[in-house]
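>>> structure, please.
(one chain, ligands or ions: 2)
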Amino acid sequence: MPTKVILDVDTGTDDAVALMVAALSPDLDLVGATSVNGNTTIDNTTENTLRVFDWIGRPEVPVHRGCDRPLARTQAEQLNPARRIHGTLLDLPPASRGAALQPGHAVDWLIDTYLASDGDIVLCPVGPLTNVAMAIQKEPRILEAIPQIVIMGGAHDHGNSTPSAEFNIWLDPEAARIVVNCGRPIRMIPLDATHRALVSVDDAARLRALGTPAGEAAARFVLKRIDGYDATQPMPHRAGAAPVHDALAVCSIIDPSIVTTEFIPVDVEVNAELSVGRTVCDFRFRGGKPANVEFAIDADEPRFVAMLLEILGRTA
Ligand code: RIB
Ligand code: CA
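Numbers count the residues shown, from 1 in each chain. Ligands and ions are numbered 1, 2, ... in the order given. Alright, predicted model coming up:
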């Protein structure tokens, strides 16, 4: 039986690949997607999500628009996207085959969907955790209906938005702290894993050679990411390749063995000036707290790329 999943996305280029993997994998049943402010504005992340589903021939996947700003912080720089890596609107045509925004706020749809569910829908947030935190705060009863939360976010060894923090956590640290401490099973796919599963220019050529809508789009997005990373945050010793963070999180739902994890205590810094948004990982259990997160410390790059090629070679 396919695994039911909901993606919460701030659709930019890697969210787009994650959405296509979730929509085309025979191992997943994509119940819907919710958009959030992050890589770009909520208008753009919502429009981009619709364009992706329309482009791959899955216009029926319900999309609900979510929060347009973080829970507690609206510092200007936090709303300023990483334009070079994501742009604003994806290089896909506007939806023309039926993909349409569903009425109602994403937070309310998440609450209604989980309360009505059989407790079998994995929640996979791959952007700032604003929608998820707000849904938990508004209706805590949904927690018992969420079997697992698979988060793309966090970092132990090095940040990307700051020396200490990864973007999804940094943009809304208050939301991240709520979710990380919600008590449900959490798998976190941080930069420590995503930076060990890079997709290269040659891989982009293989994606394009698939001859499918998803393969073409993924090639465009990967090449844009490589351009952006090479220009702004080059991968050590790996020019011509870039992480596709969010897609690794989705692939880890299909095959958990694609990442190596440790079950440890993790919390989120919300007060410190230099390290706000840092996922504080207690690998040696020095804090006296129980483990709450399955934290990925490595990933299998060849298998990740092979999964992308296999899944994105499919058509709806
Ligand atoms: O730090 C990487 C994460 O931030 C990814 O989810 C990317 O899409 C951005 O949201
Ligand atoms: Ca994202």
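>>> in the stretch 51-200 of the chain, where is pLDDT below threshold?
Along the stretch 51-200 of the chain, the model assigns pLDDT under 70 to residues 75-81.
>>> contact partners for the spatially most central residue of the chain?
Central residue of the chain (C-alpha atoms, centre = their mean): residue 126, 1.8 Å from the mean position. Residue 126 is in contact with 7-10, 14-15, 18, 151-153, 168, 245-246, 249-250, counting by C-beta atoms under 8 Å, 6 or more residues apart in numbering. Just so you know, the C-beta spots here come from the backbone N, C-alpha and C atoms, and that holds for glycine as well.
>>> would you mind naming what in this structure lies close to ligand 2?
When proximity is defined as C-beta under 5 Å from the ion, the chain approaches ligand 2 at 10, 15, 126, 127, 246.
>>> ok, back up a step: quick check, nearest of the contacts of residue 126 to residue 290?
Using C-beta to C-beta, residue 151 comes nearest to residue 290 of those, at 18.4 Å.
>>> for residue 29, which three-state class applies?
strand (DSSP: H, G, I helix; E, B strand; the rest coil).
>>> for it, which non-adjacent residue is closest in space?
Spatial nearest neighbour of residue 29, excluding adjacent residues (C-beta to C-beta, 6 or more residues apart in numbering): residue 2 at 4.2 Å.
>>> doesn't residue 26 make contact with the one you found?
Yes. Between residue 2 and residue 26 there is a contact at 6.6 Å, judged by C-beta atoms under 8 Å.
>>> residue contacts, residue 218?
With C-beta under 8 Å, 6+ apart, residue 218 has these contacts: 16, 17, 20, 204, 207, 308, 312.
>>> quick check: the residue of this protein nearest ligand 1.
Going by C-beta to the nearest ligand atom, ligand 1 is nearest to residue 167 of the chain, at 3.7 Å.
>>> next step: the contacts of residue 126 restricted to helices.
14, 15, 18, 168, 245, 246, 249, 250 (DSSP state H).
>>> can you put those in TSV and add neighbour count and distance to residue 277?
Output for the ones in helices among the contacts of residue 126, formatted as TSV (neighbours: other C-beta atoms under 10 Å; distance: C-beta to C-beta, whole Å):
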residue	neighbour count	distance to residue 277
14	28	19
15	33	19
18	26	21
168	30	9
245	28	16
246	31	18
249	29	18
250	29	23
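>>> burial count for residue 85?
Neighbours of residue 85 under the rule other C-beta atoms under 10 Å: 24.
>>> and the closest residue to residue 98 other than its chain neighbours, how many neighbours?
Nearest residue to residue 98, sequence neighbours excluded (C-beta to C-beta, 6+ apart): residue 59, at 3.7 Å. Neighbours of residue 59 under the rule other C-beta under 10 Å: 17.
>>> quick one: residue 59 and residue 101 touch, right?
No. The criterion here is C-beta under 8 Å, and residue 59 misses it with residue 101 at 11.4 Å.
>>> surely residue 252 touches residue 151?
No. Counting by C-beta under 8 Å, residue 252 stays clear of residue 151, with 10.5 Å between them.
>>> overlap in contacts, the two.
What both residue 252 and residue 151 touch, as defined by C-beta under 8 Å, 6+ apart, is the set 187, 189.
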